[in-house]
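Q: quick check, what structure comes out for this input:
(3 chains)
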Amino acid sequence: MPLVKIYAGTKNDVELRAIGDCVHDALVAQANVPADDRFQILNRLDRDLIVAHPSYGDVSRSEDVVIIEITLNAGRTVEIKKKLYADIALRLEGLGVRPDDVLVSLIEVTKENWSFGGGRATYA
Amino acid sequence: MPLVKIYAGTKNDVELRAIGDCVHDALVAQANVPADDRFQILNRLDRDLIVAHPSYGDVSRSEDVVIIEITLNAGRTVEIKKKLYADIALRLEGLGVRPDDVLVSLIEVTKENWSFGGGRATYA
Amino acid sequence: MPLVKIYAGTKNDVELRAIGDCVHDALVAQANVPADDRFQILNRLDRDLIVAHPSYGDVSRSEDVVIIEITLNAGRTVEIKKKLYADIALRLEGLGVRPDDVLVSLIEVTKENWSFGGGRATYA
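A: Below is the predicted model of the structure:
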């Protein structure tokens, strides 16, 4: 059920896929997402088309910023969200993405708001 | 008021417009959307940049998956949402899109959250 | 904390950046957003890939429509939202964008839903 969108201005397709792998693995490990519940839209942008302040949020941000937007069902606790953010950043660091360059935005919805195919409300 | 975003990796512009027609017609028929309330962003992606699990949700999904995200005012019942999903899938089937390849994600907002031009809050 | 996405079919990169400047300035002036809290994704689309009804909402809309989606923390009053819409339209008019061509969509989230880097929940 999470629908993940990833936006980056300095990554190629292979790097975007690897970033997607890490985000999915973190969702499975920290936020109770099934392993086969993977849906991602990877967006390669020109670097001039992503604007990210270099220090807001007490970080040192570069032009290699990766923006990760996750639409998911409401109900995760603050504690789970914190673990998710930390785990995404840790896993991306393994790919050479600096933790300060990882931005995550969650959009929460209700379970009736998804159809994963067949014209059915998957969870309702 | 719905703002519809459609993402596909194997459709051309004409096909994307036709998919948009179907989604709009279903919103009008099932979800009380006025016929002239049509706003859509059609996204043609490389097929490698959409990741969709082949079977999650008890379907058989192909690389021709079409992801439809609809931002709309809260207030539709579960029954209406179910009819909307079914009708979108049915109409897209008429274009040759397999129902199992149709993914719909709804994001609900309040009516003060829209300005459709003129610098005015259209519904507030 | 706002994450701003701008979609336009008839603007070049320089124009998109200038539109982004105006949207950010309006958020700072009207919606209590810090000056350094700027995050924007600018989307240049083919004009055929944006569909916007020519008159819905009592406006006269052209193909130069600019769609602005802002994800932000909940809590702004209707009055603030109205001022924000008016100010965005006014500032964009200074760039030659007609107010009737400015569409704004707000998506509200909770403050735990953001990580602006370092793997931390920035506001929780």
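Q: contacts and neighbour counts: CA atoms only from here.
A: OK.
Q: is the residue positioned nearest the centre of chain A bridged to anything, and to what?
A: Centrality entry for chain A: nearest residue to the mean C-alpha point is A:I68, 3.6 Å, by C-alpha atoms, centre = their mean. Beta-bridge partners of A:I68, counted by DSSP bridges, are A:I6, A:V104.
Q: could you pull out the strands for chain A?
A: Here chain A has its strands, by DSSP state E, at A:3-8, A:39-44, A:50-52, A:66-73, A:102-109, A:114-115.
Q: so which bits of the lengthiest helix in chain A are buried?
A: Taking DSSP state H as the criterion, chain A has its longest helix at helix A:13-30. By neighbour count on 16 or more other C-alpha atoms under 10 Å in any protein chain shown, the buried set for helix A:13-30 is A:16-17, A:19-28, A:30.
Q: and chain A, which residues reach chain B?
A: A:13, A:17, A:36-43, A:109, A:112-122, A:124 (C-alpha under 8 Å from any C-alpha of the partner chain).
Q: what's near enough to touch A:V97?
A: By C-alpha atoms under 8 Å, 6 or more residues apart in numbering or on different chains, the residues touching A:V97 are A:D64.
Q: rerun at 10 Å
A: A:I19, A:D64, A:V65, A:V66, A:A89, A:L90, A:R91 (C-alpha atoms under 10 Å, 6 or more residues apart in numbering or on different chains).
Q: among the residues you listed, which ones are in helices?
A: Among those, the members falling in helices (DSSP H) are A:I19, A:A89, A:L90, A:R91.
Q: hang on, isn't the third one packed against A:I19?
A: No: with contact taken as C-alpha atoms under 10 Å, A:L90 and A:I19 are classed as non-touching, separated by 11.5 Å.
Q: I figured A:A26 hits A:V33, correct?
A: Yes: using C-alpha under 10 Å, A:A26 makes contact with A:V33 at a distance of 9.1 Å.
Q: circling back to that earlier point, just confirm yes or no for the longest helix of chain A near chain C.
A: No: using C-alpha under 10 Å from any C-alpha of the partner chain, helix A:13-30 stays clear of chain C, coming no nearer than 11.9 Å.
Q: pLDDT (mean, whole number) over that helix?
A: The average pLDDT for helix A:13-30 rounds to 98.
Q: which strands or helices does it pack on?
A: Applying 3 or more C-alpha pairs under 10 Å, 6 or more residues apart in numbering or on different chains; DSSP states H and E, we find helix A:13-30 packed against strand A:3-8, strand A:39-44, strand A:66-73, helix A:78-93, strand B:50-52.
Q: paired strands for the second one, with orientation please.
A: By that I understand strand A:39-44. Assessed with DSSP bridges, strand A:39-44 is paired to strand A:3-8 (parallel), strand B:50-52 (antiparallel).
Q: got these as a markdown table, with distance to C:D100, mean neighbour count and mean pLDDT columns?
A: What follows is those, written out as a markdown table (distance: least, C-alpha to C-alpha, whole Å; neighbours: other C-alpha atoms under 10 Å in any protein chain shown; pLDDT from 0 to 100):
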| stretch | distance to C:D100 | mean neighbour count | mean pLDDT |
| --- | --- | --- | --- |
| strand A:3-8 | 29 | 21 | 98 |
| strand B:50-52 | 34 | 22 | 98 |
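Q: take the ones you listed and lay them out in JSON lines including distance to C:I80.
A: Shown next, in JSON lines, are the strands paired with strand A:39-44 (distance: least, C-alpha to C-alpha, whole Å):
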{"stretch": "strand A:3-8", "distance to C:I80": "29"}
{"stretch": "strand B:50-52", "distance to C:I80": "37"}
